[in-house]
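Participant: sequence first, then the predicted structure:
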Protein chains: 2
Amino acid sequence: MWKWLILVFFQLSVFDCAVKNNNNRLVANRNLGDNGSTCKAKYWTLVKYFDGFPKNTDMTIREENLPPLKNGEFLAKAVFLSVDPYQRVVGSFPDQVKLGEPFLGQQIAQIVETKNPKYPVGKYIRAAFGWRSLTISNGKLSDQDLAVLPDYGNLPVSLGLGVLGMTGMTAYFGLLEICKPKTGETIVVSGAAGAVGNLVGQIAKIKGLTVIGIAGSDEKGKWLKEELGFDHFINYKKDNIDEKLKKVAPQGVDCYFDNVGGEISSSVLYQMNDFGRVTVCGSISAYNSPVKPKVTIVQPAILFKQLKVEGFDNTRWANRFPEAVKQYLQWIREGKIKYQETVTVGFENTFKAFMGMLKGENRGKAVVKV
Amino acid sequence: MWKWLILVFFQLSVFDCAVKNNNNRLVANRNLGDNGSTCKAKYWTLVKYFDGFPKNTDMTIREENLPPLKNGEFLAKAVFLSVDPYQRVVGSFPDQVKLGEPFLGQQIAQIVETKNPKYPVGKYIRAAFGWRSLTISNGKLSDQDLAVLPDYGNLPVSLGLGVLGMTGMTAYFGLLEICKPKTGETIVVSGAAGAVGNLVGQIAKIKGLTVIGIAGSDEKGKWLKEELGFDHFINYKKDNIDEKLKKVAPQGVDCYFDNVGGEISSSVLYQMNDFGRVTVCGSISAYNSPVKPKVTIVQPAILFKQLKVEGFDNTRWANRFPEAVKQYLQWIREGKIKYQETVTVGFENTFKAFMGMLKGENRGKAVVKV
């Protein structure tokens, strides 16, 4: 019962700072508060560092009053929040995020009030403002942490968190620069129905590879094969991965784009060909384990097949992001890349969306529509 | 009792084909056999594929009569046999070596009879003839499998199996081409007192790195530090690796030259710096396990530190072997590289030497003097 009351409370109180469309200009109406000048922001914060799978009690929503803008500042209203696997990792480490402070993450926001000509009202930005509803910024952030979105035409701005954002950059550079796939080769993608995985498989198809996706439900498999053009699908919850992989990749595996780690990855590594390349993009199987899990040793596979296994952070190629965005836009126009989002509605459901994503409930990029 | 009888039998019968020095030319005396023309070769062969740690009953010595040489052939008498960790691996796989056939491996042999001008009597060769006492060859083998040794001057020919052979090539290229060490960086070497490990550490010192060796006895540690110039030593049988490594490498680890795999490697990987490089040269901790062991997952370390982990086979750089041999000879002359061998005497003790090496009883390169 109290849960519903809290939910109702949230829904009534999320937008304290109303935004009006006034002659085609969005303006924040700061006159709703009792004192006529406050504007309340909500943010999600950690109450307790994650230990094991995140629990409802690990996070809560807090509020803060926002002061009037100073010169050089702008006020941005979150439109979409990003929920991503890496947030599970940083949520365990005091050196990454502090209890009580806004939880970190990327968002697409719209500028609703400004005293900074570089950030005019109405523009959409991608910003590392965390899971916050409203944010004041002086704009002094790196390009990775704050960027005005280019005009996406008739594409949704949420793609700035997905295929045209960090997710897309991760798939593009992690595949092309680390796996270095060649036409005719075979690639396995784990977490294939996830935000990054589905894009990796689609790019690999464009590049002429045989693409094998691993995911956790036949429904996802159907989507990967029938809609995205993957060649084969392995359901890690039902199939014997070793056997199924031998069957669908009798020629062996040349590239492995790994989002999950764990036993799935050990299985794949032992079926790779000489000089195979492995992109370690995620290790979600280990994120929710209170201690590092023990899995089948991988070094013998790396040794005997002369594999190259590499982890990365997409910011390594930050200066080439525009190239990737341009390429994605072309592929989307040509129908070669299909973007997919799982949208959860409501700021108050952000943590729920996050936990659902960790459980693999999403298909494609998981975002929250504020 | 029967073991001793076998041993006596072996010792009496190992050299059926006597070799005489006749006016400074070595010649095989084929007149010892009953029929006046046979010459008996001994070879070690698998009776049973290795499963778990090799057992005395897994291998045996067999004999065969060697026919007279045909034109183009030569007869080579083994002088040193190589015992190496990789032989444990191939000894488990029917596609690598057949039961009953000579067990594979490298040897230094001297040519004792010839009908091939390219291989004159008296010359030393390095050859992939396996654990055999005498071998007839037509010389039609790749450079890796058969090469006349250059003149080593006053250095022992056994170095053709060690620092000037595959062992040295593995250390040289595995370190320089995969770890790509830079002056001032910190490297950890596991299996540091082994054939490859001790050379890696010495080269790393020449290149100006801080060198930390991991091995299994304080005696080895003393040797590594006091004679070879390693900066620090961790005894994996006594020390808590995580803690000791934090203490001796508070600056983190940039390169890891891995000969062992297993928990030692998991520990090291989690203490590496961003963009660290890992050479996977061996995985001896897993070789004797009947099933692949489970160890602490490494993918999160690879991911979060953007590590590059690569396995290799030194033949990748075969065209550059002369460069490495030349460099080693210079370093040895300058006293910058000290070579160390653990020599077991007697063809019949080859398997024992092999098992001892697998247990880490050797210091430096393990060879058998026939």
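Facilitator: That came in fine, so what should we check first?
Participant: and the residue of the stretch 51-200 of chain A nearest chain B?
Facilitator: The nearest approach of the stretch 51-200 of chain A to chain B comes at residue A:89, 7.5 Å away (C-beta to the nearest C-beta). Just so you know, the C-beta spots here come from the backbone N, C-alpha and C atoms, and that holds for glycine as well.
Participant: burial count for that residue?
Facilitator: By other C-beta atoms under 10 Å in any protein chain shown, the residues close to residue A:89 number 19.
Participant: for residue A:265, which non-adjacent residue is closest in space?
Facilitator: Spatial nearest neighbour of residue A:265, excluding adjacent residues (C-beta to C-beta, 6 or more residues apart in numbering or on different chains): residue A:258 at 5.2 Å.
Participant: no wait, residue A:197
Facilitator: Nearest to residue A:197 is residue A:191, by C-beta to C-beta, 6+ apart, at 4.3 Å.
Participant: okay, residue A:290: pLDDT?
Facilitator: For residue A:290, the pLDDT comes out at 82.
Participant: surely it meets residue A:53?
Facilitator: No - in this structure residue A:290 lies outside contact range of residue A:53 using C-beta atoms under 8 Å: 9.4 Å.
Participant: okay, those two: which has more neighbours?
Facilitator: residue A:53 (14 against 10).
Participant: how near is residue A:131 to residue B:225?
Facilitator: Residue A:131 sits 52 Å away from residue B:225, going by C-beta to C-beta, to the nearest Å.
Participant: please apply the same query to residue A:330.
Facilitator: Taking C-beta to C-beta, one finds residue A:330 at 59 Å from residue B:225.
Participant: tell me which of these two has more neighbours.
Facilitator: More crowded of residue A:330 and residue B:225, by other C-beta under 10 Å: residue B:225, with 15 against 11.
Participant: contacting residues around the residue nearest to the more buried one when sequence neighbours are not counted?
Facilitator: Nearest non-adjacent residue to residue B:225, counting by C-beta to C-beta, 6+ apart: residue B:233, 5.5 Å away. Residue B:233 makes contact with B:192, B:212, B:213, B:214, B:215, B:220, B:221, B:222, B:224, B:225, according to C-beta atoms under 8 Å, 6 or more residues apart in numbering or on different chains.
Participant: in helices only, show me the residues you listed.
Facilitator: B:220, B:221, B:222 (DSSP state H).
Participant: okay, now residue A:281: neighbour count?
Facilitator: 32.
Participant: so what's it scoring on pLDDT?
Facilitator: pLDDT, residue A:281: 96.
Participant: I'd say it and residue A:199 touch.
Facilitator: No - counting by C-beta under 8 Å, residue A:281 sits too far from residue A:199 to count as a contact (11.0 Å).
Participant: what about stretch A:251-260, distance to the chain center?
Facilitator: 21 Å (C-alpha atoms, centre = their mean, to the nearest Å).
Participant: the residue nearest to residue A:265 touches residue A:277, doesn't it?
Facilitator: No - the pair residue A:258 / residue A:277 is not scored as a contact, 10.8 Å apart, by C-beta under 8 Å.
Participant: and residue A:244, what is it in contact with?
Facilitator: residue A:234.
Participant: residue A:258 and residue A:277: who's more crowded?
Facilitator: residue A:258 (31 against 22).
Participant: quickly list what that one is bridged to.
Facilitator: On the basis of DSSP bridges, residue A:258 is bridged to residue A:280.
Participant: what of residue A:364?
Facilitator: Per DSSP bridges, the residues bridged to residue A:364 are residue A:194.
Participant: residues near it, how many?
Facilitator: Neighbour tally, residue A:364, other C-beta under 10 Å: 23.
Participant: what of residue A:331?
Facilitator: 18.
Participant: and it, how far from chain B?
Facilitator: 27 Å (C-beta to the nearest C-beta, to the nearest Å).
Participant: do residue A:206 as well
Facilitator: 25 Å.
Participant: which residues does residue A:45 form beta bridges with?
Facilitator: residue A:60, residue A:102.
Participant: dump the residue contacts of it.
Facilitator: A:59, A:60, A:61, A:62, A:99, A:100, A:101, A:102, A:103.
Participant: what about it, distance to residue A:132?
Facilitator: 10 Å.
Participant: before we move on, what about residue A:231?
Facilitator: Distance of residue A:231 to residue A:132, computed by C-beta to C-beta: 42 Å.
Participant: equivalent analysis for residue A:81, please.
Facilitator: Counting by C-beta to C-beta - residue A:81 and residue A:132 are separated by 8 Å.
Participant: list residues touching both of those two?
Facilitator: By C-beta under 8 Å, 6+ apart, the residues touching both residue A:81 and residue A:132 are residue A:107.
Participant: between the two, tell me which one has more neighbours.
Facilitator: Between residue A:81 and residue A:132, residue A:81 has the larger neighbour count (other C-beta under 10 Å), namely 30 against 25.
Participant: host element of the more buried one?
Facilitator: strand A:74-82 (DSSP states H and E).
Participant: so what secondary structure elements neighbour whichever helix or strand comes after that strand?
Facilitator: Going down the chain from strand A:74-82, the next helix or strand is helix A:86-90, by DSSP H and E. For helix A:86-90, the elements it packs on are helix A:284-287, helix A:350-358, judged by 3 or more C-beta pairs under 8 Å, 6 or more residues apart in numbering or on different chains; DSSP states H and E.
Participant: pull the distance from helix A:86-90 to the chain's centre.
Facilitator: 11 Å.
Participant: parallel or antiparallel, which strands does the helix or strand just after it pair with?
Facilitator: With elements assigned by DSSP H and E, the helix or strand that comes after helix A:86-90 is strand A:107-114. Strand pairing for strand A:107-114, determined by DSSP bridges: strand A:74-82 (antiparallel), strand A:124-127 (antiparallel).
Participant: quick one: name the residues of the stretch 51-200 of chain A near chain B.
Facilitator: Selection of the stretch 51-200 of chain A residues close to chain B by C-beta under 8 Å from any C-beta of the partner chain yields residue A:89.
Participant: rewinding a little: just checking, the residue nearest to residue B:225 is part of a helix?
Facilitator: No - with DSSP: H, G, I helix; E, B strand; the rest coil as the criterion, residue B:233 is located in strand rather than a helix.
Participant: how far away is it from residue B:284?
Facilitator: 18 Å.
Participant: end-to-end on stretch A:47-59?
Facilitator: Distance between the two ends of stretch A:47-59: 5 Å, counting by C-alpha to C-alpha, to the nearest Å.
Participant: that one: which residues count as buried?
Facilitator: Buried residues in stretch A:47-59, counted by 16 or more other C-beta atoms under 10 Å in any protein chain shown: A:50, A:54, A:58, A:59.
Participant: is it true that the second one touches residue A:354?
Facilitator: To tie it back to what came earlier, the one meant is residue A:54. Yes - at 7.2 Å, residue A:54 counts as touching residue A:354 under the criterion of C-beta under 8 Å.
Participant: overlap of the contact sets of these two?
Facilitator: With C-beta under 8 Å, 6+ apart as the test, residue A:54 and residue A:354 both reach residue A:88.
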